[in-house]
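Undergrad: what shape does this take:
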Amino acid sequence: MVCAEFSNVMSLTTGSKCHGVIIVEDDVHTLNQMRQKIVQLANFEVLAGCGTVAEARKALAQFSPDVLLVDLDLPDGSGLDIIAEQSDLRADLPMLVISVFADENSVIRAIEAGAQGYLLKSDTSVEIGQCLLELIDGGAPISAHIARYLIRRLRPEKEDKAVEKTLLSERELEVLQLAAKGYSYQDIAELLEVKVSSVSSYTRRLYQKLSVHSRSEAVFEAMRMGLVDRPD
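TA: Sure, this is the predicted structure:
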């Protein structure tokens, strides 16, 4: 699709700022839908609609948009490249991903590259006008599905730390720390001055609480959760 430049067809209030938008989207139908919604907004204009990475770079060299809407899957590359490039050139440029991809890799990479928001094309609750206003005001519009994913991603660390404080007894933690150092049941029993059978009981409870089935898994989980030190 040839990169299309659009003139401002809106009637703007005298003295008000007109926010220029560039859309990077290879599906013509989707591009036109977004453009139609944007041109209905007061004080917004679509500067260009681009279907490839190359076209987007050309438009961005010609125009200085206030908002950049980017699809990730483009015929000649990834929208992530555009986001990363513009993030380096203009750290203050609000960029919003609008994509069909909801996988962990796409979401995290987009945010790390510099995107301030992430919307799914399948999200029927999305109101593009409201999202643009949020971006201009410094907000971060995110589809509910993506927001729930990000929350779930952040929770494990808190839950893991709670294990140390509430689920593992002091003795269980001692057994775990010695096991991580490679001591046998007999060695641990002697060091803690308990019976070998007691060490076995502590170990079984550890496996249950950490949801593991072997010493190596228990040690790995304990290191991941920060319950024991990683080997040098």
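Undergrad: from here on, contacts and neighbour counts on C-alpha atoms
TA: OK.
Undergrad: so where's the protein shaky on pLDDT?
TA: By pLDDT under 70, the low-scoring segments of the chain are 1-16, 151-167, 229-232.
Undergrad: all strands of it, in order?
TA: 4-5, 19-24, 44-50, 67-70, 73-74, 77-78, 95-99, 117-120 (DSSP state E).
Undergrad: domains for this protein, by residue range?
TA: 4-149, 168-225 (automatic domain parsing).
Undergrad: now do residue 113 against residue 19, distance only.
TA: Separation of residue 113 from residue 19 (CA to CA, to the nearest Å): 23 Å.
Undergrad: now swap in residue 220 and tell me
TA: Counting by CA to CA - residue 220 and residue 19 are separated by 51 Å.
Undergrad: buried residues in stretch 206-226?
TA: Judged by neighbour count using 16 or more other CA atoms under 10 Å, the buried positions of stretch 206-226 are 206, 210, 212, 215, 218-223, 225.
Undergrad: extract the CA atoms of that stretch and return them as PDB.
TA: The C-alpha coordinates for stretch 206-226 follow below in PDB (Å, rounded to 0.1, in the frame of the first residue of the first chain):
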ATOM      1  CA  LEU A 206       9.000 -28.500  51.200                       C
ATOM      2  CA  TYR A 207       8.100 -30.300  48.000                       C
ATOM      3  CA  GLN A 208       4.400 -29.800  48.700                       C
ATOM      4  CA  LYS A 209       4.700 -26.100  49.500                       C
ATOM      5  CA  LEU A 210       7.000 -25.300  46.600                       C
ATOM      6  CA  SER A 211       5.000 -27.500  44.200                       C
ATOM      7  CA  VAL A 212       8.000 -29.500  43.100                       C
ATOM      8  CA  HIS A 213       9.000 -33.200  43.000                       C
ATOM      9  CA  SER A 214      12.700 -33.400  43.400                       C
ATOM     10  CA  ARG A 215      15.600 -31.800  45.200                       C
ATOM     11  CA  SER A 216      16.900 -30.100  42.000                       C
ATOM     12  CA  GLU A 217      13.500 -28.600  41.400                       C
ATOM     13  CA  ALA A 218      13.200 -27.400  45.000                       C
ATOM     14  CA  VAL A 219      16.600 -25.800  44.800                       C
ATOM     15  CA  PHE A 220      15.900 -24.100  41.500                       C
ATOM     16  CA  GLU A 221      12.600 -22.700  42.900                       C
ATOM     17  CA  ALA A 222      14.300 -21.600  46.100                       C
ATOM     18  CA  MET A 223      17.000 -19.700  44.100                       C
ATOM     19  CA  ARG A 224      14.400 -18.200  41.800                       C
ATOM     20  CA  MET A 225      12.400 -17.000  44.800                       C
ATOM     21  CA  GLY A 226      15.500 -15.700  46.600                       C
END
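Undergrad: neighbours of residue 19, how many?
TA: 17 (other CA atoms under 10 Å).
Undergrad: quick one: contacts for it?
TA: By CA atoms under 8 Å, 6 or more residues apart in numbering, residue 19 lies in contact with 43-45, 65-67.
Undergrad: with residue 27 instead?
TA: Contacts of residue 27 by CA under 8 Å, 6+ apart are residue 51.
Undergrad: how does it look with 6 Å?
TA: Contacts of residue 27 were listed using CA atoms under 6 Å, 6 or more residues apart in numbering, and none were found.
Undergrad: relative to residue 203, how far out is the residue lying closest to residue 56 once chain neighbours are set aside?
TA: Nearest residue to residue 56 in three dimensions, chain neighbours excluded: residue 50, at 5.4 Å (CA to CA, 6 or more residues apart in numbering). To residue 203, residue 50 is 60 Å away according to CA to CA.
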